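A structural model of the following input is requested.
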Amino acid sequence: MKNKVIKKLEQMVAEEGTQVAVAEKIGVTPAYISDVLSGRREPGKTICDALGFERIVAYVPTGEVRAWWDVLAGKLPERG
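As a prediction, this is how the structure comes out:
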């Protein structure tokens, strides 16, 4: 399943007509748009800003991976 950022970027390309048009509009290279759409690169701040998203990175200890929404919401389970 594609993530929401990629879906929205694809929608923007469809609306603007080409990846080149999107790249020019938001100030990145067409190659970068192509790389993000193909999964070779992660969308950075410029693309996230243009699409109305914020990138959040979380680091957790190995073996203690939790659902990201629980971490962000502060709903961590009690430790036993």
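
Quick check: phi and psi at residue 53.
phi -120, psi 160 (degrees, to the nearest 10).

That one contacts residue 6, doesn't it?
No - if you go by Cβ atoms under 8 Å, residue 53 and residue 6 don't touch, sitting 10.6 Å apart. For the C-beta atoms, the positions are set from N, CA and C on the backbone; glycine is no exception.

which residues are common contacts for the two?
Contact criterion Cβ atoms under 8 Å, 6 or more residues apart in numbering; residues shared by residue 53 and residue 6: residue 43.

List the buried residues for stretch 7-20?
Buried residues in stretch 7-20, counting neighbours by 16 or more other Cβ atoms under 10 Å, are found at 8-9, 12-13, 19.

in this structure, which helix has the most residues?
In the chain, taking DSSP state H as the definition, the longest helix is helix 4-16.

what is the rounded mean pLDDT of it?
For helix 4-16, the mean per-residue pLDDT is 96.

Over to stretch 56-74?
In this model, stretch 56-74 has a mean pLDDT of 66.

you'd agree residue 25 is up against residue 18?
No - shown here, residue 25 and residue 18 do not form a contact pair, counting by Cβ under 8 Å, at 10.4 Å.

what's stretch 31-51 in contact with?
For stretch 31-51, contacts defined as Cβ under 8 Å, 6+ apart pick out 5-6, 8-10, 12-13, 19, 22-23, 25-28, 53-55.

Report the inter-axis angle for the helix or strand harbouring residue 24 versus helix 4-16.
Element membership of residue 24, judged by DSSP states H and E, is helix 19-26. Taking axes from the mean of the first three to the mean of the last three Cα atoms, to 10 degrees, one finds that helix 19-26 is oriented at 100 degrees with respect to helix 4-16.
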